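*Asks:* One predicted model, sequence on top.
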Amino acid sequence: MNSLVSILLLLLPTVVLGMVPRAAPIFAAALGEDVDQSAGTLNLGVEGMMLLGTIIGFVIDFETGDFVLAFIVAGLASALLALFHGIATISLKADQVTSGTAIWFIGWGLSGFIYSSLFGKASSPPVVKTIPTLYIPHLTDIPYIGKFLFGQDPVVYALLITFLAVQYFLFHTKAGLNLRTVGEDPLVAEIMGVNPDLYRYLALIFGGFMAGVGGAYITLSLVGSFYFDMTAGMGFIAVALVYFGKWNPVRVLIGSLVFGAVYVLYLALETYFPATPYQFFSMFPYIATMILIILVGARAHAPAALALPYIKEG
């Protein structure tokens, strides 16, 4: 027991420094899903959208060397997939769970199909350079907190700005209030002069774009290559973190950081316990997420109209 505690204390700096990049992809997807669900649309296709983002981002960066363009195109590709979910659920009033599941499989299949079509079964998989972390003179060198606050890659800071913008939008703007009203009672929103379908479409497209960005982050910032099914359930965890966060981006961020910290911990523990099958440690991030949901998310009150199609009366 004492040796385990010693190992955990020894790994603490590694966990703190590594949790942000590991949290980034799931936070991007969860932030988009937060906005989506706040407008009343449940999207279980986040996993498929992230997978599509992984391959599209990888291909664009591999062909052009422009990671900014890669993130944008990956986001747009996943936003297009989200649009199909919107047509099915918002315009055609299809069941959101069924449609989201279909979107998941479509993204899953497309990611493998695109990779196989372009690269075949290469004995040496193609790679791209991962995005380097920033170095800010003097600030990055601050003891203890310098690398954590000022030594992340530029996408992390872009996500932080996006997070602040979404937080402000949802709770400090009229448009944000309208969106949350659509999620609670679209009929009341329409009486107020708000178009519920428009708000749901825009929220869904934003959620899809962020899922694509999260997927691209895995290939371009963490791995530098693509392999099939590489999100490993992160899209579903992103959906779960929205429930843990009670549809508040601040709490979603906290949940994502917990996931990132436990993820880094499991990777590190593998080196200390090589005789233990890696699958045992790989369960840790998902178990941690389940605990968070049980302790907090179970008492969460979802938007009243979440997953319910809006059918105009008369």
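*Replies:* Structure's in. What do you need? The shown structure was predicted, so the numbers you read here are calculated from the model rather than taken from an experiment.
*Asks:* count of residues packed around the residue lying closest to residue 110 once chain neighbours are set aside?
*Replies:* Distance criterion CB to CB, 6 or more residues apart in numbering; nearest residue to residue 110, sequence neighbours excluded, is residue 52 at 5.6 Å. Using the backbone N, CA and C atoms, a C-beta is placed for each residue, glycine as well. Counted with other CB atoms under 10 Å, residues neighbouring residue 52 total 29.
*Asks:* Which helix or which strand is home to residue 52?
*Replies:* helix 46-64 (DSSP states H and E).
*Asks:* Quick one: mean pLDDT for that helix?
*Replies:* In this model, helix 46-64 carries a mean pLDDT of 97.
*Asks:* If you count contacts, what does that helix end up packed against?
*Replies:* helix 2-38, helix 67-86, helix 96-119, helix 196-217, helix 234-244 (3 or more CB pairs under 8 Å, 6 or more residues apart in numbering; DSSP states H and E).
*Asks:* tell me which residues in it are buried?
*Replies:* Judged by neighbour count using 16 or more other CB atoms under 10 Å, the buried positions of helix 46-64 are 46-62.
*Asks:* Please apply the same query to stretch 194-209.
*Replies:* Buried residues in stretch 194-209 (16+ other CB under 10 Å): 194, 196, 199-209.
*Asks:* And for stretch 210-222?
*Replies:* For stretch 210-222, by 16+ other CB under 10 Å, it's 210, 211, 212, 213, 214, 215, 216, 217, 218, 219, 220, 221.
*Asks:* Dump these to JSON lines, plus distance to residue 312.
*Replies:* Output for those, formatted as JSON lines (distance: CB to CB, whole Å):
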{"residue": "210", "distance to residue 312": "29"}
{"residue": "211", "distance to residue 312": "29"}
{"residue": "212", "distance to residue 312": "31"}
{"residue": "213", "distance to residue 312": "34"}
{"residue": "214", "distance to residue 312": "34"}
{"residue": "215", "distance to residue 312": "35"}
{"residue": "216", "distance to residue 312": "38"}
{"residue": "217", "distance to residue 312": "39"}
{"residue": "218", "distance to residue 312": "40"}
{"residue": "219", "distance to residue 312": "42"}
{"residue": "220", "distance to residue 312": "43"}
{"residue": "221", "distance to residue 312": "44"}
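*Asks:* picking that back up, kindly calculate the angle that the helix holding residue 52 makes with helix 96-119.
*Replies:* Relative orientation of helix 46-64 and helix 96-119, computed by axes from the mean of the first three to the mean of the last three CA atoms, to 10 degrees: 20 degrees.
*Asks:* export helix 46-64 as CSV, just CAs?
*Replies:* Output of helix 46-64 as CSV, limited to C-alpha atoms (Å, rounded to 0.1, in the frame of the first residue of the first chain):
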residue,chain,number,x,y,z
VAL,A,46,-20.5,12.3,-31.3
GLU,A,47,-18.2,9.2,-31.4
GLY,A,48,-18.7,8.8,-35.1
MET,A,49,-18.2,12.5,-35.7
MET,A,50,-14.9,12.4,-33.7
LEU,A,51,-13.8,9.5,-35.7
LEU,A,52,-14.5,11.3,-39.0
GLY,A,53,-12.6,14.3,-37.6
THR,A,54,-9.6,12.0,-36.9
ILE,A,55,-9.2,10.8,-40.4
ILE,A,56,-10.1,14.1,-42.2
GLY,A,57,-7.8,16.1,-40.1
PHE,A,58,-5.0,13.6,-40.6
VAL,A,59,-5.5,13.5,-44.4
ILE,A,60,-5.5,17.3,-44.8
ASP,A,61,-2.4,17.8,-42.7
PHE,A,62,-0.7,14.9,-44.4
GLU,A,63,-1.4,16.4,-47.8
THR,A,64,-0.9,20.1,-47.1
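*Asks:* Just want the angle from it to helix 67-86.
*Replies:* Using the same axes, to 10 degrees: helix 46-64 against helix 67-86 is 150 degrees.
*Asks:* Could you tell me the angle between helix 46-64 and helix 2-38?
*Replies:* Here helix 46-64 points in a direction 100 degrees away from that of helix 2-38 (the same axes, to 10 degrees).
*Asks:* where does helix 46-64 sit relative to the chain's centre, distance-wise?
*Replies:* Its chain's C-alpha centre and that of helix 46-64 lie 13 Å apart, by CA atoms, centre = their mean, to the nearest Å.
*Asks:* Then stretch 178-198?
*Replies:* 26 Å.
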